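got a sequence here, can you model it:
(2 chains)
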Amino acid sequence: AQSVSQHNHHVILSEAASLELGCNYSYGGTVNLFWYVQYPGQHLQLLLKYFSGDPLVKGIKGFEAEFIKSKFSFNLRKPSVQWSDTAEYFCAVNAYNFNKFYFGSGTKLNVKP
Amino acid sequence: GAGVSQSPSNKVTEKGKDVELRCDPISGHTALYWYRQSLGQGLEFLIYFQGNSAPDKSGLPSDRFSAERTGGSVSTLTIQRTQQEDSAVYLCASTVSGAGIGKNIQYFGAGTRLSVL
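Predicted coordinates:
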C-alpha cells in the first residue's frame, strides 16, 4: 500500500522566516500530488497540486512545491511566512488516476507575530 | 449548497451504541469520499462513491462500518456497536467526476467529531 510521510509534525517560526515542509511518498509509478491546508476553524482546502510538466508548482498565498521524482518528494516552501499562515498542512498523493488519495499525518505550523 | 455539509458537527455516544453521520456534497459532484482522522494521524480513506457505480469499500476498518449514498447525493456513514477506538474526526469530501479522477480537487466538509465514551 502507498504511504505518505510528513516528518515535521509541529513547526514554529517567526514572521518573515522561510518555510520548508517535507513530504515523501512510497509509490513508484506516476502520481498526482497535492498540498491541502486547514486554517483554524476552517475546512481543509487545496493549496496547490502537481500533475505533470514543470516540477516546480506555485499555489495560493505565495506557496510553492517542488516534485523531485528521484527522491519521491514533494516539499512545500514559502520564502517568507506570515502570521496568517498558521495552519495545519497535509500532503496527499494519488496513484495515477486510481480512486484513492493517501494523506500524510499533517504538519502544524505556528507562526509567531 | 455552497459547500460540503456534514452533520452533526459533534457526536458523543456510549460504547456499544450505533451512530449515523451525514454528508451532503456540493451539488453536481458525483464523487464522494469518507475519511477518518484519528488524533495525530493523517486522513485514512474509508469509502468512495462514484455515481451509480459500486462503491470502493476497501478502506472500511471492520464490518461495523457501512455507508450508503442515496440518489447519488447525500451519504450516511453508519458505525454499529461503537468502540472507543472509533473516536475520531470523520471527514467527507466531494469532487466532480470526469476523466482522471486522481486529478480532481476534493472539497471537504467541516467533519464530525465522534467521541465514544
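
just the CA trace of stretch B:57-65, in PDB.
Below are the C-alpha coordinates for stretch B:57-65, written out as PDB (Å, rounded to 0.1, in the frame of the first residue of the first chain):
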ATOM      1  CA  LYS B  57     -15.300  -0.100   0.400                       C
ATOM      2  CA  SER B  58     -11.700  -1.200   0.700                       C
ATOM      3  CA  GLY B  59     -10.900   1.300   3.500                       C
ATOM      4  CA  LEU B  60     -13.600   0.400   5.900                       C
ATOM      5  CA  PRO B  61     -11.800  -0.900   9.000                       C
ATOM      6  CA  SER B  62     -14.400  -3.500  10.100                       C
ATOM      7  CA  ASP B  63     -17.900  -4.800   9.300                       C
ATOM      8  CA  ARG B  64     -19.300  -2.500  11.900                       C
ATOM      9  CA  PHE B  65     -18.700   0.300   9.400                       C
END
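
ok, residues contacting that stretch?
A:100, B:36, B:44-48, B:66-67, B:77-83, B:86 (C-beta atoms under 8 Å, 6 or more residues apart in numbering or on different chains). Just so you know, the C-beta spots here come from the backbone N, C-alpha and C atoms, and that holds for glycine as well.

again, but for stretch B:25-33
Contacts of stretch B:25-33 (C-beta under 8 Å, 6+ apart): A:101, B:1-4, B:23, B:45-51, B:69, B:72-75, B:92-97, B:101, B:104, B:106-107.

ok now the helix or strand of chain B with the lowest mean pLDDT, how far from the chain's centre?
Using mean pLDDT, DSSP states H and E, the weakest-scoring helix or strand in chain B turns out to be strand B:43-50, at a mean of 91. On the basis of C-alpha atoms, centre = their mean, to the nearest Å, strand B:43-50 sits 7 Å off its chain's mean C-alpha point.
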